[in-house]
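The sequence and its predicted three-dimensional model are supplied below.
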Number of protein chains: 2
Amino acid sequence: MPDTPTSQSVFRALADPTRRDILVMLRGRDLTIAEVSENFDMTRAAVKKHLTVLSDGGLIHMTTRGRERVNSLNPAGIGPVRDWFSYFDGFWDDRLSELKSAIEKDRQ
Amino acid sequence: MPDTPTSQSVFRALADPTRRDILVMLRGRDLTIAEVSENFDMTRAAVKKHLTVLSDGGLIHMTTRGRERVNSLNPAGIGPVRDWFSYFDGFWDDRLSELKSAIEKDRQ
DNA sequence: CTTTTATGAAACCAAATGGTATCATGTCAA
DNA sequence: TTGACATGATACCATTTGGTTTCATAAAAG
């Protein structure tokens, strides 16, 4: 229930539309910083900052290849978010149960 | 893949730890602004702002009861987030397929 | 009617955030 | 080696954000 620093960094990383777009781009294939930058109307430096935030959140993985840095999607990164949401799964179930028993009572 | 204003407001709402804590609290039962405020070391005004952001994101629902305002969790609110993540489901599958066929080739 | 009580709203503030420009560094190619 | 290219790093700037304080309003209690 308390927030682990990890889940905070993930939610933080997902909060920005540019960063979510970057994740979508990386779904297709791995990209260097320059390649990612081509798709946005902002400087490479700005894109690099976004990539750093995504990396801090564990959503992407960076590999140095010569003088390039290749950014790839990290499947495990979304784990903390899924875990957090799973905490609410019981809520939906409870609400369904309440509805169900309300209907039962109504029949009797 | 483009960001609907809705999904942005949801991700934005989820980005703050205080707001995520509020959601966890509301999982138990509906609460007024004053009741939510009791659990935090900040003013009611600040908590109200957070509740407004959560409401804008469609994550909670507010009902006026006399002079009180009751805040309740909105199950449907997390929909946009789930939808967004589902876009990546294919990615996991693809990666698994690649791994699988790599193993197959290795056997032959 | 007067007084609490619960909230709404606005002005204000410090810190975080997204962005730029600039310069340094390391690597590939000639 | 020299030059071009991809990135790292820093300082700086405007806006957003999370927070407070203060005052206004509306409903419940006496």
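That came in fine, so what should we check first?

Only C-alpha atoms from now on, for both contacts and neighbour counts.
OK.

Next one: the residue in chain A that DNA strand D sits nearest to relative to DNA strand C, how far apart?
For chain A and DNA strand D, the shortest gap (C-alpha to the nearest atom of the strand) falls at residue A:34, measuring 3.4 Å. According to C-alpha to the nearest atom of the strand, to the nearest Å, residue A:34 stands 13 Å off from DNA strand C.

Which residue is the nearest non-sequential neighbour of that residue?
Using C-alpha to C-alpha, 6 or more residues apart in numbering or on different chains and skipping residues adjacent in sequence, the residue nearest residue A:34 is residue A:44, 6.7 Å away.

Walking through chain A, point out its helices one by one.
A:5-14, A:17-28, A:33-38, A:44-56, A:79-107 (DSSP state H).

mind listing what's buried in the fourth one?
Right, helix A:44-56. A:44, A:47, A:50, A:51, A:52, A:53, A:54, A:55, A:56 (16 or more other C-alpha atoms under 10 Å in any protein chain shown).

picking up where we left off before, what number of residues lie near the residue of chain A closest to DNA strand D?
Neighbour count for residue A:34, taken as other C-alpha atoms under 10 Å in any protein chain shown: 16.

quick one: it and residue A:45 touch, right?
No. Using C-alpha atoms under 8 Å, residue A:34 makes no contact with residue A:45, being 9.9 Å away.

Next up, the contacts around residue A:39.
Residue A:39 makes no contacts at all, as judged by C-alpha atoms under 8 Å, 6 or more residues apart in numbering or on different chains.

That one and residue B:18, how far apart?
34 Å (C-alpha to C-alpha, to the nearest Å).

Repeat that for residue A:67.
41 Å.

Of the two, which one has the most company?
More crowded of residue A:67 and residue B:18, by other C-alpha under 10 Å: residue B:18, with 16 against 6.

Give me the pLDDT for residue A:83.
Per-residue pLDDT puts residue A:83 at 87.

give me the number of residues near the residue of chain A found nearest DNA strand C?
The minimum distance from chain A to DNA strand C, using C-alpha to the nearest atom of the strand, falls at residue A:66 (3.1 Å). Residue A:66 has 7 neighbours, counted by other C-alpha under 10 Å.

Equivalent analysis for residue A:70, please.
Residue A:70, neighbours per other C-alpha under 10 Å, totals 18.

Then residue A:64?
10.

All set now, cheers.
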